[in-house]
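Participant: How does the following fold in three dimensions:
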Amino acid sequence: MNQYFRGKYPLSKLESIQLEIKFTGFRDKDSIPNTAKALSRAFEKMAAPTLIMEQESLVEKAYKNLMDIFSKHFRNAMIEAGQYLINTFYDGDIEKARRKEAVENQSFYQLLKRLNPRESGGPSKSWVYNAINLAIQNSDLSNFSTYRKLNLSHQVLLLPIRKIEDKKRLCIQTIEQNLTVAQLREEIKKLQNNEGKSHGIPKTLKRIIGNPKILFSEENKSATEMGSLLQHDIDNLKDLLTKAQAKKTEIDEEINQLAKFSQNYEILTDRIAKAIRENRHKAASSRTTRQKRIEISTDEQPGSRKKKAYTTIKKQLYYEGKTGLAESKGFQKKELADLACNIGNICQFGCSFCYVPAIVRKQKNVQEVLHEGYGWDEISHYRTKENVMKCVEKDLRKIRPDDKRTVIFCTTCDPCATEEHADITSSAILLIMKRSDLQVRVLSKSTLIFDIAKELDEYRDRIVYGLSTGTVRPEISACIEGNASPIEERLETLNLLQEAGYRTFGMLCPILPSEMPHLEKLVKAINPDRCEHVWAEAINVRGKSLEKTRDQLKQCGLDTDAQLLEDVMEDRDIWRGYSKDLYLMVRQELEKRGASDKLRYLQYVIREPDDFKTFFKSQKGALLLGEKELT
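Facilitator: Numbering: from 1, shown residues only. Alright, predicted model coming up:
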């Protein structure tokens, strides 16, 4: 009986029983009745476990049968639910469900949010995900009969296994070896560990949970999915949760620290940029005081208007105006602004289609300077900061406290072509903000406009920013827009201003005939829904500006663009048709985006026939401009 009592063999495995009785007199004749009673009690005790085992066998059998029934119905319910969810939220597409690309994504997440097993008694979120994955797996293994022999618990365990071949092998192994759920779980762990070793990664989630780069890599993607997590026992899951929360806290603290560093660096870069501008300004001021200044003023001319002068410094002439804020009837008709502040007379970018240099050359005082022997390249038509600030301060005294009209920077030049010009513009706007209630519009072709916005962030509600973008094609911009910021950078800057919450407007001016096929892309690029208004304009015949533009396009190898422009230049009827079509196309693109009411289409009607004028007078958003706007 030693083997039995040591639990080595059950009674069913014993072939014989040998009793050893070591008590004295136990086998004597007189002791037989007592010995028989003792043996009887002993055999009774030995028989009891057998009865218990038989009862346990009955329980096990009933349990198995019940579990089979339950598993069968529960599995069918899960598969049915999974297929229903795939049909409803993934258009019945197994592959979309596998990639988790729900067509009704928002509705699916709303469904998950409503699931609350404790309150409704309905399924949990993990059950829903398992149902979908089970339906996918059932589809993958629909022709594999061994899989259908597994109960639900075994099938759910197979969900995280990625390779179909591995699933099939585990199915066969489970049936042949009659593996329990626990045993199958161990086999799956062995497989995953081997996969981890083959990829050179740690084999357990516990080891990698503190290393985000490894944890969230493609190789370990399955380890963080619900199916894999359900394989862990509750104590292990609690431990994983503690470690995950600790790591998240650590990362959050690091993000906060980095955010502070980023803010400090932004402040530092702004200060450095400002210091550079101040040093340049000081250097320029120092050179100015050391040089002899010779004024060539129109004041001495009989009947002349006291308006401008040019100052020479080392054979460089600087334009100095006497006006800070001037009424601009032309820009009032364009609905761009009421007043103008010009920090210069000619833009530094030198776009081929710009007509301002031709007008400035005709000014009497400029002609006098040129007759003195100075070359055109020796004239800088940007004003000094002192001159601009002095004139703006003087004109602000005339502004009423309740005046909320708009001042534009600038009508004759770019307000931030260089850092020096951006500094002048920022300082002038700051003075306007502090001394009045006037609004300001800034129009530029330079990405430095974003620096102005940041510097004047405190007054963002009173300033609106725009970048001229008549094209989305880099080759056109680089060819005819001189030294302006590349068009892709301008559009990016406009988007940055919009993302940062600054007020913006669109300026699609001018649009070449060859740009019309690209209008949809151009309008989309400025985000009209984020613009307060959108101005657009055809290219107009102004002196020799179009000839220069055509020639420039040819030099850049853009022959088709040059030819289309030449057609417009040489035939007035073609120009009229182009102007009308351009208006209709721009309006259509804005209508598609619900922004047609924002359109301000600038159309010159100088010496044009009545039917042409009548057409634009009847069009919403079209602004008819006369001859005065050309000068």
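
Participant: Name the residues of stretch 554-562 that are buried.
Facilitator: Neighbour-count burial for stretch 554-562 flags 554, 558, 561, 562 (criterion: 16 or more other Cβ atoms under 10 Å). In this view, the C-beta of every residue, glycine as well, is placed from N, C-alpha and C.

Participant: what two of the residues you listed are the furthest from one another?
Facilitator: Using Cβ to Cβ, those span at most 9.0 Å, a distance reached by 554 and 561.

Participant: thinking again about what came up before, so which of the buried residues of stretch 554-562 sit within helices?
Facilitator: 554, 561, 562 (DSSP state H).

Participant: which residues sit in contact with the second one?
Facilitator: Right, residue 561. 476, 512, 514, 553 (Cβ atoms under 8 Å, 6 or more residues apart in numbering).

Participant: pLDDT at it, what is it?
Facilitator: We have a pLDDT of 90 for residue 561.

Participant: oh, and call the first residue 484 from now on, that's how I've got it
Facilitator: With the count now opening at 484, the last piece we talked about shows up as residue 1044.

Participant: Relative to residue 1101, which of the contacts of residue 1044 is nearest.
Facilitator: Nearest to residue 1101 among the contacts of residue 1044, counting by Cβ to Cβ, is residue 995 at 25.8 Å.

Participant: Tell me the spacing between that closest one and residue 964.
Facilitator: Distance of residue 995 to residue 964, given as Cβ to Cβ, to the nearest Å: 11 Å.

Participant: So for these two, which sits in the more crowded spot?
Facilitator: More neighbours surround residue 995 than the other of residue 995 and residue 964, with 26 against 23 (other Cβ atoms under 10 Å).

Participant: pretty sure the more buried one contacts residue 960?
Facilitator: No. With contact defined as Cβ atoms under 8 Å, residue 995 does not reach residue 960; the gap is 10.9 Å.

Participant: okay, and the common contacts of the two?
Facilitator: Residues touching both residue 995 and residue 960 comprise residue 954, with contact defined as Cβ under 8 Å, 6+ apart.

Participant: Let me see the ranges of the strands in the stretch 984-1114 of the chain.
Facilitator: Per DSSP state E, counting those that start in this stretch, the stretch 984-1114 of the chain carries strands over the ranges 986-994, 1014-1021, 1082-1087, 1105-1108.

Participant: Including mean pLDDT, could the ones you listed go into TSV?
Facilitator: Shown next, in TSV, are the strands of the stretch 984-1114 of the chain (pLDDT from 0 to 100):
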stretch	mean pLDDT
strand 986-994	94
strand 1014-1021	95
strand 1082-1087	94
strand 1105-1108	92
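
Participant: want to throw these into CSV with distance to residue 868?
Facilitator: Putting these into CSV (distance: least, Cβ to Cβ, whole Å) gives the following:
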stretch, distance to residue 868
strand 986-994, 26
strand 1014-1021, 29
strand 1082-1087, 32
strand 1105-1108, 33
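
Participant: Residue 1028: which of those is closest?
Facilitator: Closest approach to residue 1028 among the strands of the stretch 984-1114 of the chain is made by strand 986-994 (9.8 Å; Cβ to Cβ).

Participant: elements contacting that closest one?
Facilitator: On a contact count with 3 or more Cβ pairs under 8 Å, 6 or more residues apart in numbering; DSSP states H and E, strand 986-994 meets strand 946-951, helix 970-982, helix 1002-1008, strand 1014-1021, helix 1055-1075.

Participant: Residues in contact with that strand: which ones?
Facilitator: For strand 986-994, the surrounding residues in contact (Cβ under 8 Å, 6+ apart) are 836, 924, 926, 943-944, 946-954, 977, 980-981, 1002, 1005-1006, 1009, 1011, 1013-1023, 1065, 1069, 1081, 1085.

Participant: before we move on, what about stretch 813-820?
Facilitator: Stretch 813-820 is contacted from outside by 811, 821, 823, 888-891, 894, 924, 926, 1016, 1018, 1083, 1085, 1106, 1108-1109, 1111-1112, using Cβ under 8 Å, 6+ apart.

Participant: Can you mark which positions in it are buried?
Facilitator: In stretch 813-820, counting by 16+ other Cβ under 10 Å, buried: 813, 814, 817, 819, 820.

Participant: and which of those residues is nearest to residue 586?
Facilitator: Using Cβ to Cβ, residue 819 comes nearest to residue 586 of the buried residues of stretch 813-820, at 45.8 Å.

Participant: Check the gap between that closest one and residue 947 for me.
Facilitator: Between residue 819 and residue 947 the computed distance is 10 Å (Cβ to Cβ).

Participant: intersection of neighbour lists for these two?
Facilitator: Counting by Cβ under 8 Å, 6+ apart, the contacts common to residue 819 and residue 947 are residue 924.

Participant: quick one: the residue nearest the centre of the chain and residue 1051, what's the gap?
Facilitator: Nearest residue to the geometric centre of the chain (Cα atoms, centre = their mean): residue 982, 9.6 Å. Distance of residue 982 to residue 1051, computed by Cβ to Cβ: 37 Å.

Participant: Domain map for the chain?
Facilitator: 513-684+703-710, 773-1113 (automatic domain parsing).

Participant: CSV for the ones you listed, including distance to residue 725?
Facilitator: Formatted as CSV, the domains of the chain follow (distance: least, Cβ to Cβ, whole Å):
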stretch, distance to residue 725
domain 513-684+703-710, 16
domain 773-1113, 38
